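> Compute the structure for the input listed below.
(one chain, ligands or ions: 2)
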Amino acid sequence: MNDAVLKVSGLEKHFSSAGERLTILDQLDLEVLPGTTVSITGESGCGKSTLLNIIAGLESASGGRIEAGPYQVVGLDEDDSAEYRGAFLGLVFQFHYLLKDFTALENVMLPAYMRGMKKREALDRARSLLAEVKLEHRSHHFPSQMSGGERQRAAVARSLVNSPSLVLADEPTGNLDPANSAVVRDLLFSVVKKHGKTLILVTHDRNMASMTDISWRLEKGRLVRS
Ligand SMILES: Nc1ncnc2c1ncn2[C@@H]1O[C@H](COP(=O)(O)OP(=O)(O)OP(=O)(O)O)[C@@H](O)[C@H]1O
Ligand SMILES: [Mg+2]
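Numbers count the residues shown, from 1 in each chain. Ligands and ions are numbered 1, 2, ... in the order given. Below you'll find the predicted structure:
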């Protein structure tokens with residue numbers, strides 16, 4: 001019986017560079033239980049983003065298995081991979097990836113609307129998520145009319161609009177000054193906890209890493225407890 005939201009087994013990632021084989025992930029295992037928050041730290045270039053991108057189906061693995069709910073992520077074709085992300089994942093990156101021609105409210109509601117939610121319902125959900133990240137007053141602002149911290153908060157709200165089973169965040173505060181970073185960090189944790197979500201967070205920020213239930217460090221292609 002396996003109740004994990006995510007089970008990664010024997011994950012491998014190699015790159016060939018100038019005729020050399022570079023091993024980034026080496027038989028990596030990871031199991032994440034529902035409702036837990038997990039952080040992954042590690043030196044720059046150790047493979048944290050590569051790991052998260054492979055879990056998200058955005059990058060291919062060289063070997064191994066990833067079970068995420070009903071999905072076998074390794075080997076999904078492009079369409080199934082997009083369906084997996086839409087149905088199962090919430091993603092937050094260092095860069096917000098908000099659509100510049102849409103308001104904060106539209107950006108947050110769109111992933112739900114595009115998955116078939118009725119417009120009114122998607123808007124209601126988006127409004128309530130924007131309120132949770134303290135952005136009601138910026139609902140009708142375009143990304144260019146928002147601060148860096150506000151854009152990241154909108155990205156956090158957007159990541160939750162489809163009620164994902166798993167939220168993946170890669171340096172969500174990486175572009176922010178310390179004060180804004182703390183605001184985004186606290187809001188991220190508060191919405192994740194409020195909705196009982198499972199979170200995998202990649203961060204350089206030890207403070208932030210120490211706020212998760214479980215902290216891992218990526219070292220020589222594998223995860224060690226930190
Ligand atoms: N397409 C590629 N070809 C060759 N090497 C690559 C390729 N993509 C990434 N790498 C290498 O893989 C390693 C891991 O990169 P990754 O972006 O996952 O690191 P990271 O831990 O997220 O670093 P940071 O903390 O700086 O974001 C790096 O050494 C990088 O140079
Ligand atoms: Mg990275």
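
> and the residue nearest in space to the middle of the chain, what pLDDT?
A centroid search over the chain (CA atoms, centre = their mean) returns residue 168, at 2.0 Å, as the residue closest to the centre. Predicted confidence (pLDDT) for residue 168: 98.

> and the gap between it and residue 105?
Counting by CB to CB, to the nearest Å, the gap between residue 168 and residue 105 amounts to 23 Å. All C-beta spots, glycine's among them, are computed from the backbone N, C-alpha and C.

> circling back to that earlier point, how far away is the residue nearest to the centre of the chain from residue 204?
Separation of residue 168 from residue 204 (CB to CB): 16 Å.

> for residue 133, same thing?
According to CB to CB, residue 133 stands 22 Å off from residue 204.

> Same drill for the two, tell me which one is more crowded.
In this comparison of residue 133 against residue 204, neighbours counted by other CB atoms under 10 Å, the higher total goes to residue 133 at 25 against 14.

> The more buried one contacts residue 186, doesn't it?
No. In this structure residue 133 lies outside contact range of residue 186 using CB atoms under 8 Å: 10.2 Å.

> what stretches of this protein score poorly on pLDDT?
1-2 (pLDDT under 70).

> how about the helices in it?
Along the chain, the segments classed as helices by DSSP state H run 48-55, 78-88, 104-114, 119-132, 148-159, 178-194, 206-209.

> Tell me which of the ones you listed sits nearest to residue 140.
The closest of those to residue 140 is helix 104-114. By CB to CB, the value is 6.5 Å.

> tell me the contacts of residue 195?
Neighbouring residues of residue 195 by CB atoms under 8 Å, 6 or more residues apart in numbering: 160, 163.

> From residue 220, how far out is it?
Computed with CB to CB, the distance linking residue 195 and residue 220 is 35 Å.

> try residue 192
When CB to CB is the yardstick, residue 192 and residue 220 sit 29 Å from each other.

> out of the two, which sits in the more crowded spot?
Neighbours of residue 192 and residue 220, each counted by other CB under 10 Å, are more numerous for residue 192; the result is 22 against 12.

> So the more buried one versus residue 199, what's the distance?
If you measure residue 192 against residue 199 using CB to CB, the figure is 5 Å.

> so what sits against both of those two?
Listed contacts common to residue 192 and residue 199 are 37, 167; contacts here mean CB under 8 Å, 6+ apart.

> So what pairs up with residue 25 in the strands?
With DSSP bridges applied, the residues forming beta bridges to residue 25 are residue 13.

> ok, it touching residue 13?
Yes. At 4.0 Å, residue 25 counts as touching residue 13 under the criterion of CB under 8 Å.
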